[in-house]
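Student: Here is a sequence with its predicted model. Questions after.
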Amino acid sequence: MILLKDRGWLYLLRQQWSEAESDLTTALALATSDTDELRADILDALASLYRRQQQYEVALGQARSALAIREKLGYLP
């Protein structure tokens with residue numbers, strides 16, 4: 001999962017949108033509830049991907065999901 005997330009970020013930075021989305025969505029599908037912090041990181045990456053593609057509503061949804069996970073974990077800052 002971590003490898004897919006990191007590779008997804010690399011694709012995102014290279015503006016290879018479909019590859020980034022593929023790796024990130026696969027990583028998210030593999031993530032379990034005991035890896036909440038990693039799930040939040042993946043959701044942040046997806047939010048960034050969709051924001052860069054000007055899909056703002058989708059990006060906000062991903063960012064809100066990441067925030068909800070972090071709030072549940074007690075990461076309030």
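Tutor: Noted; the coordinates are in hand.
Student: Quick check: buried residues in the strand or helix carrying Leu38?
Tutor: Using DSSP states H and E, Leu38 falls within helix 36-52. By 16 or more other C-beta atoms under 10 Å, the buried positions in helix 36-52 come out as 38-50. Quick note: C-beta positions are derived from backbone N, CA and C, even for glycine.
Student: for stretch 69-77, same thing?
Tutor: So, applying 16+ other C-beta under 10 Å, buried residues of stretch 69-77: 69-70.
Student: Relative to the whole chain's centre, how far out is that stretch?
Tutor: Here the centre of stretch 69-77 is set off from its chain's centre by 16 Å, with C-alpha atoms, centre = their mean, to the nearest Å.
Student: List of residues touching that stretch?
Tutor: 36-37, 39-40, 43 (C-beta atoms under 8 Å, 6 or more residues apart in numbering).
Student: Turn these into CSV, columns for pLDDT and distance to Ala29.
Tutor: Below are these laid out as CSV (pLDDT from 0 to 100; distance: C-beta to C-beta, whole Å):
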residue, pLDDT, distance to Ala29
Asp36, 93, 15
Glu37, 92, 17
Arg39, 96, 10
Ala40, 95, 15
Leu43, 97, 12
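Student: Dump those into JSON lines; add distance to Ala66 as well.
Tutor: JSON lines is the format used below for these (distance: C-beta to C-beta, whole Å):
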{"residue": "Asp36", "distance to Ala66": "10"}
{"residue": "Glu37", "distance to Ala66": "10"}
{"residue": "Arg39", "distance to Ala66": "8"}
{"residue": "Ala40", "distance to Ala66": "4"}
{"residue": "Leu43", "distance to Ala66": "4"}
